[in-house]
Each structure stands twice: as structure tokens, then as C-alpha cells.
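Undergrad: Build me a model from this:
(chains A, B, C and D)
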Protein chains: 2
Amino acid sequence: MLLRDNIYRSIRQAILTCEFPPGQELREQMLAQRYHVSRSPIRDSLLRLEQENLVTVLPRQGYRVNPISISDAEDIFGLRLLIEPACAVAAARADNEALRTLDRFRDFANEERTESEFVEYNRTFHRTIADLSGNARMAAVAVDLDEQFERLVRVSLRVFKYEQVRVASTEHEAIIDALQAHDADLASRLSYEHSANAQSRIVTALRLVAEAWVQPVEAPRTME
Amino acid sequence: MLLRDNIYRSIRQAILTCEFPPGQELREQMLAQRYHVSRSPIRDSLLRLEQENLVTVLPRQGYRVNPISISDAEDIFGLRLLIEPACAVAAARADNEALRTLDRFRDFANEERTESEFVEYNRTFHRTIADLSGNARMAAVAVDLDEQFERLVRVSLRVFKYEQVRVASTEHEAIIDALQAHDADLASRLSYEHSANAQSRIVTALRLVAEAWVQPVEAPRTME
DNA sequence: TGGGTTACACTTGCATGTAAGTGACGTGTA
DNA sequence: TACACGTCACTTACATGCAAGTGTAACCCA
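TA: Numbering: from 1, shown residues only, chains lettered A, B, ... in the order given. All right, here's what the predicted structure looks like:
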């Protein structure tokens, strides 16, 4: 296993869980010490994360965890509303055997769940449907969007706690039913509504925490 | 300007124009000599290109320009059929002043055009519409897809020459008309048909050059 | 002959050194 | 005071060194 891949995943995870919060400044040296490696694999990882829109490189100054802007979040939402139903439509054409594997996502809310369990469950569910679409590129876009989304979910969960766990789980089961019945139209519609619901909750939450992590518009810094 | 950005663009361009053809093996050393720099910026560029699905890194062995597989091309096409009309729908909501800038894409086929001029024109047209959508993320996906697409177009142009220049240009003007009339439905449908037409030409061309650059399906796919 | 082993050439992964760009701050001057 | 201007600390960009992983081919031995 390549060192840089582990480092990459670690830093990425730290950003997505907001351990490195939006706006956080990152230094190669600091991360190198933290992970006990040289600057090289750190550098590789940070450049990769820049490609993913998770950090910004300020040449010869450092790196910064990308702030969450409302307009960027809305862009992500708009794309998701397009991609997720499309994945569902394609997935509805999968064969019965493959669709039966979705059963493992039923009955999730029957037990008490932690935040991490919910995030993990949610990610795996959406990723599985993306894979079932049979279009690797589409799945890649969907997964990427979901991961960007996840950071927003984390922020939102701090506001809405777990009330959404049961709601989401119920909506998931309806989507599973539609897919297993090969009803592409229904699956698409449910998928769209599921995304829209999640997003409206999140956008509300984002506005609530706007002062802390969400950047409305880039403002000049030295104005005193 | 950072050295690595120039190098990145150069290598990328070489891949997209098939100067580095699909399947070509790349070596850091070889590229470093070619561009008169050390391995560092070459390395940065290659890792970035890996993220874009243009090259594959074989750890401790080297790099390879990704072959074009029919199934991957079909995946790209499928996604394009989803994204391009969505961009058009969003772009139809742009204001009149912005939409008037599309006029510069009219009358392209009135003069003789080189292959490069056509590719450039085509890219700029699609990118402009993506930008007009007002969704930066969607535009980024659209641009990325278009660039992947471009490599396929290059292959296809060697077969169909320039017969498609006039066709494409006419279709573009129809899309411009629809957008400037704010007719989102029509723009969407025309955009879909335009993509579908281009793709069917390309897929035919791909099959013709299959032996040289195109990798047949390696693994059985889940669908179809 | 053929299976296993070893040595080697080759290429990148990671570590480290050096130079150059950037912003901050203090100083001098009008 | 307000504004250039020079200095300095800090951080990355790029260069280079070295070690480790991989594939190949020669070689040994049954």
C-alpha cells in the first residue's frame, strides 16, 4: 500500500468530518509531523484534495480547507437532483439478483444509531445504487457528489440531530421497493424527492451555522 | 505562473490530441527531459492526470495513457446525454444580454475550417453554455466530460473528416435560437439530439479504429 | 527439459535540500 | 499622518538523492 494513499484518506476523512473545519489553514510541515512522514506524500495528498474541491492551494503560502458557501452548496444540490434520479433509473434495469442485495439497507432505523453509523449507512446506500446503474462514470460523479454532500450533512446533523434518521430510512425503503419492482419512473421520482427533502433540511441548517463555517461571499480581510 | 501548471496542460493536450496515443507508456524521466524540468512538476502533473482518468499509475512501474474502451465511451456518452440538456435548460434562464454572446458561434461553417479550428469552436461553444447554466459544479462536470469526449472526437475525425462540421454548426445555431427564445424544453431536446448524433458518429468511428487504440470490453458488465 | 531461484536493470515512492514568492512589519521621508 | 520601501520570516515549488518494489532473464539443479 502506498503511503500517500493512506495519508490522502486520512486528511480527506479529517476534512469531511470537520475535524479540519472549513476555512482551516493547513501546512505541509504540520501535517508531515502529524502523520510522521516527509512532506512529499503530504504534498501529493493535498494536490489531490485540491482537485476534489476540498482544499485550495495558495501558491507559496499554504493550503486552506475550502469554506462552504451557500451558492456552492446549492450547485451541489442541483447536480444531485439530476444525478441521483438518473442513477435510480439506470439501476432499475439491473437484474433481480443484484437488486436483492439492496435488502441489507432495510430496517436500519429499528435500532438506535450513532451519527457515524447513519453517515456510513447513507453513503453505502447511495453508492450501491450508483454502482447498480452500470455506468462507471456516472457512479463516479454520484460518489463524488455524495462525498461533498457528506460534509454538509455533518454540519446539518449538528442542528437536526437524528430526527432525520427515521425519515431517510423510510424513504430509502420506498426507493428499494420501486427498484426491485423495476419501476424506473417511481424510483426516479422517489429519489428526487428524497434528495430534495434532505437538501431542504441541510440548507436550513447551513443558514443557522452560517457565521461559523459557511462563507456567504468572499470578503476583503484588511478593512479596519 | 507555476511550472507544473504549464507542464500539466502540455501533457494533457498531448494526450487529448493523441500525440501521446491511448496505451502509450510514459516515464517521468522521459517527460522531464522533454520539458527540461525535474521529475517533480512532471510527477505532480501525472498524478493530476490520473485523477482525470487520462492516465493510469502503475506503482513503481510507470504511467500509461488510458486506452479508450467502448464501454467507457458509452458511459461518457450516457452521462453527456444527461448533463448537456440539463446545462441547456439552466442556460435558457440566463438573461438576454448574456445569451446574446452566443451569436459569435453562428455562421461558423461559412468558411473552410481546419480540424483544430473545429475542435476549438466546438469546445468553446459547449463550455459557454455550461457557464451560462450558472451552476459552477455542473459546468465543471460538463467541461470535464467534454474534454474526455474531445479525445474521442479526434479519433472520430480521422474517419469522418469534416462532413460533420456543417452538421454540427447547423445544430448549434438551432440550440442558440432556442436558448435566446428562452425555450428551455426545445433547447433541451435539441441539445440531446445534438449529443446523440455526434455520439452515434463517434461510436461508429471507434469501432473502425478498434484494433489500434480502442480496448474491447475487458470485463463483462453488469448490464446489457 | 522445466521449475524455481537469484541477480539486475529500471522506475517510482519518499526524504531532503535549496531557491524563490508572499505578506507583515518596521523605518524613513514628505 | 500617510505612504513608499526595504527587510525578514515563512511557506511552498522545484531539484535531487536514495531506497524499495517490479518484471525479466539468466542460471542452477533435478
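Undergrad: ok, for A:I202, nearest residue in space, not its chain neighbours?
TA: Once flanking residues are discounted, A:I202 sits nearest to A:S156: 4.3 Å by CB to CB, 6 or more residues apart in numbering or on different chains. Bear in mind the C-beta positions are built from the backbone N, C-alpha and C, glycine included.
Undergrad: interface residues of chain A facing chain B?
TA: Counting by CB under 8 Å from any CB of the partner chain, chain A comes close to chain B at A:2, A:44, A:47-48, A:51-52, A:59, A:72, A:75-76, A:78-79, A:82-83, A:86, A:90, A:93-95, A:98, A:132, A:134-138, A:141.
Undergrad: from these, which ones fall inside helices?
TA: Judged by DSSP state H, the subset of these located in helices is A:44, A:47-48, A:51, A:72, A:75-76, A:78-79, A:82-83, A:86, A:90, A:98, A:132, A:136-138, A:141.
Undergrad: Among those residues, name the buried ones.
TA: Among these, those buried by neighbour count (16 or more other CB atoms under 10 Å in any protein chain shown) are A:44, A:47-48, A:72, A:75-76, A:78-79, A:82-83, A:86, A:90, A:98, A:132, A:136-138, A:141.
Undergrad: DNA strand C next: which of those residues are close?
TA: A:D44 (CB under 7 Å from any atom of the strand).
Undergrad: how many other residues sit next to A:Q29?
TA: By other CB atoms under 10 Å in any protein chain shown, the residues close to A:Q29 number 11.
Undergrad: Mind jotting down where the strands sit in chain A?
TA: Assigned strands in chain A, in chain order: A:25-26, A:55-58, A:62-65, A:68-69, A:214-215 (criterion: DSSP state E).
Undergrad: Make CSV out of those strands and add mean pLDDT and mean neighbour count.
TA: Formatted as CSV, the strands of chain A follow (pLDDT from 0 to 100; neighbours: other CB atoms under 10 Å in any protein chain shown):
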stretch, mean pLDDT, mean neighbour count
strand A:25-26, 98, 17
strand A:55-58, 98, 16
strand A:62-65, 98, 19
strand A:68-69, 86, 20
strand A:214-215, 63, 18
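Undergrad: Adding distance to DNA strand D, write the ones you listed out as TSV.
TA: As requested, the strands of chain A are arranged in TSV below (distance: least, CB to the nearest atom of the strand, whole Å):
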stretch	distance to DNA strand D
strand A:25-26	6
strand A:55-58	5
strand A:62-65	4
strand A:68-69	22
strand A:214-215	21
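Undergrad: wait, which of the ones you listed is closest to DNA strand C?
TA: With CB to the nearest atom of the strand, the closest approach to DNA strand C among the strands of chain A belongs to strand A:55-58: 7.4 Å.
Undergrad: Burial check on the nearest residue to A:Y8 once chain neighbours are set aside, number of neighbours?
TA: Closest residue to A:Y8 apart from its sequence neighbours, by CB to CB, 6+ apart: A:S45 at 4.0 Å. Residues lying near A:S45 (other CB under 10 Å) number 26.
Undergrad: which residues touch A:S45?
TA: By CB atoms under 8 Å, 6 or more residues apart in numbering or on different chains, the contact set of A:S45 is A:R4, A:I7, A:Y8, A:I11, A:R12.
Undergrad: so what's the third one up against?
TA: Residues in contact with A:Y8, defined by CB under 8 Å, 6+ apart, are A:D44, A:S45, A:R48, A:L49.
Undergrad: ok, of these, which one's closest to A:F125?
TA: Relative to A:F125, the closest of the contacts of A:Y8 is A:L49; by CB to CB it sits at 24.8 Å.
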